[in-house]
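Asker: can't give you the sequence, but here's the structure:
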């Protein structure tokens with residue numbers, strides 16, 4: 001039951017956040033905070049012992065995203081916060097796989113867009129790719 005609840009919550013919020021990011025290139029905090037709180041409530045209800053390790057993994061991932069943002073640019077603070085929430089949802093090691101998947105999908109999208117349009121894209125929303133990568137990891141279950 002807990003797995004399906006988590007999957008439905010993650011899919012619903014990822015869809016809303018991705019649509020907002022595509023439209024405005026911003027990830028609203030008013031969507032991220034309830035998303036994270038709902039995941040914490042789910043964990044407290046079904047697996048309260050997992051909260052500290054999920055928080056530590058999410059913090060580590062968000063610090064990595066923050067470092068990339070600081071030193072290389074290209075990521076917004078919304079992407080950092082979304083990485084925190086999504087890593088909390090799937091766990092640290094699955095979060096690494098989700099971020100790798102998101103990066104590969106994003107690069108593939110940029111390559112196709114560049115070939116099709118023959119120009120360089122300045123800004124690309126990363127939330128849809130993070131969302132798809134996370135949902136792929138969740139769909140794979142214990143195989144990742």
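Answerer: That came through, no problem. None of these values were measured; they are calculated from a predicted model.
Asker: give me the nearest residue to residue 9, chain neighbours excluded.
Answerer: residue 38 (5.6 Å; C-beta to C-beta, 6 or more residues apart in numbering). The C-beta positions use only the backbone N, C-alpha and C, and glycine is treated the same way.
Asker: quick check: that neighbour touching residue 8?
Answerer: No: judged on C-beta atoms under 8 Å, residue 38 makes no contact with residue 8 at a distance of 10.5 Å.
Asker: who has more neighbours out of those two?
Answerer: Remark: of residue 38 and residue 8, residue 38 carries more neighbours, 18 against 10, as counted by other C-beta atoms under 10 Å.
Asker: ok, that one to residue 66 distance?
Answerer: Separation of residue 38 from residue 66 (C-beta to C-beta, to the nearest Å) stands at 23 Å.
Asker: over to residue 132?
Answerer: Distance of residue 132 to residue 66, given as C-beta to C-beta: 22 Å.
Asker: give me the low-pLDDT residue ranges for this protein?
Answerer: In the predicted model of the chain, residues 1, 118-119, 142-144 satisfy pLDDT under 70.
Asker: can you give me the buried ones in the top helix by length along the chain?
Answerer: Longest helix of the chain, by residue count under DSSP state H: helix 92-117. Along helix 92-117, these residues count as buried under the neighbour rule (16 or more other C-beta atoms under 10 Å): 92, 94, 95, 96, 97, 98, 99, 101, 102, 105, 106.
Asker: and that helix, what does it pack against?
Answerer: helix 51-71, helix 77-90, helix 127-140 (3 or more C-beta pairs under 8 Å, 6 or more residues apart in numbering; DSSP states H and E).
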